[in-house]
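Peer 1: Starting from these lines, generate the structure:
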Amino acid sequence: HRGDELRHSIREVAATWLALGLDPDKAILYKQSDIPEIFELNWVLSCFTPKGFMNKAHAYKARIQLNNQKGDDQDAGINMGLYGYPCLMNADILLFDSDLVPVGKDQKQHVEFARDIAVRFNSNYKSDLFTIPEPVILDSTETIPGLDGRKMSKSYDNTISLREPIELISSKIKKMPTDPARIRLTDAGDPKKCPVWQLHEVYSKEPTKLWVTEGCTTAAIGCLECKRPVIDSIVAELEPIQKRAEEYEKDPDIVRSIILEGSEAAREEAKVTLNDVRVAMGLTNW
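Peer 2: The predicted structure follows:
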């Protein structure tokens, strides 16, 4: 049942955030669907959003590209939820006066859209109601590479999930493509042309990266051997996270109470902002 799947996903995502170290005493963890003000603001902001913005949205363009590759109609599987998703992201960001928004490089566009829409709204109603947000991007993780060398994205089916079985993660990495020049074990390669090297850039320390560079360019190590340090590093990082998440999932009432408390706190703040929006637009005391 799709409803059961959604409820399970909500609990799983919340448990994973908590396992990653999110502290409910320092941050508000809430469920988006518990905050109706988000969806009202979504509509308001959509009225200030040019269609051209939506045409440039990464998720929309990726789906069109996939449809073209498959020979399907360009709009196959594309609904207004996908097309208008950036407007919802704008509401998520602006409703809570976000000034700094941590994102990956590929998500910077969402913050840029939110900035532009905030400026349009403020200018139209001659106010400074919305805070103009700034993206925060760490150089070391600005774009996480996927299993095929492109950015990691569900749209490309090249992801490693935080909650996937360790055996599956290991198997996925072992099957990753490598430098096409290395047909035989004795063929030298170029790490810069290998998707595995991009994971080394994220997970490996300098001695390991030097070992990979020397071993690959001289054919002293094989591709599977090159992948083992990456597998070990990812497994070492994910195993304790998965164990902590499983502990949270064993007691779903704890997770549920954290979300409910967070949603109540988030909604109180959301009500204030949305009321300010209504006042600015002239929708109150008319």
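
Peer 1: what's next to the one helix or strand G52 maps to, contact-wise?
Peer 2: Using DSSP states H and E, G52 sits within helix 51-56. Helix 51-56 is contacted from outside by 60-61, 83-84, 86-87, 109, 113, 116, using Cβ atoms under 8 Å, 6 or more residues apart in numbering. Where C-beta positions appear, they are placed from N, C-alpha and C, glycine not excepted.

Peer 1: any idea of the pLDDT on K154?
Peer 2: If you check K154, the pLDDT there is 79.

Peer 1: Please apply the same query to the one 4 residues further on.
Peer 2: N158 carries a pLDDT value of 90.

Peer 1: distance of it from Q69?
Peer 2: N158 sits 14 Å away from Q69, going by Cβ to Cβ, to the nearest Å.

Peer 1: higher neighbour count, these two?
Peer 2: N158 (18 against 8; other Cβ atoms under 10 Å).

Peer 1: Now do the strands in this protein.
Peer 2: 100-102, 134-136 (DSSP state E).

Peer 1: could you dump those to CSV with mean neighbour count?
Peer 2: As requested, the strands of the chain are exported to CSV (neighbours: other Cβ atoms under 10 Å):
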stretch, mean neighbour count
strand 100-102, 13
strand 134-136, 14
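
Peer 1: closest to S233 out of these?
Peer 2: strand 100-102 (22.4 Å; Cβ to Cβ).

Peer 1: List of residues touching the closest one?
Peer 2: 93, 111, 114, 133-138.

Peer 1: before we move on, back to that, tell me the one among the contacts of helix 51-56 nearest to I241.
Peer 2: Closest to I241, out of all of those and judged by Cβ to Cβ, is Q109, at 28.0 Å.

Peer 1: What is the neighbour count of that closest one?
Peer 2: Count around Q109 with other Cβ under 10 Å applied: 18.

Peer 1: Could I get the buried residue list for stretch 49-57?
Peer 2: 49, 53-54, 57 (16 or more other Cβ atoms under 10 Å).

Peer 1: same question, stretch 243-260
Peer 2: Counting neighbours by 16+ other Cβ under 10 Å, stretch 243-260 gives 244-245, 248-249, 254-255, 258-259 as buried.

Peer 1: now, which of the buried residues of stretch 49-57 sits nearest G222?
Peer 2: A57 (41.2 Å).

Peer 1: can you give me the helices for the stretch 151-286 of the chain?
Peer 2: 166-174, 195-203, 206-217, 223-250, 252-281 (DSSP state H, counting those that start in this stretch).

Peer 1: would CSV of those with distance to E12 and mean pLDDT be doable?
Peer 2: What follows is the helices of the stretch 151-286 of the chain, written out as CSV (distance: least, Cβ to Cβ, whole Å; pLDDT from 0 to 100):
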stretch, distance to E12, mean pLDDT
helix 166-174, 16, 95
helix 195-203, 24, 91
helix 206-217, 32, 95
helix 223-250, 7, 95
helix 252-281, 9, 96
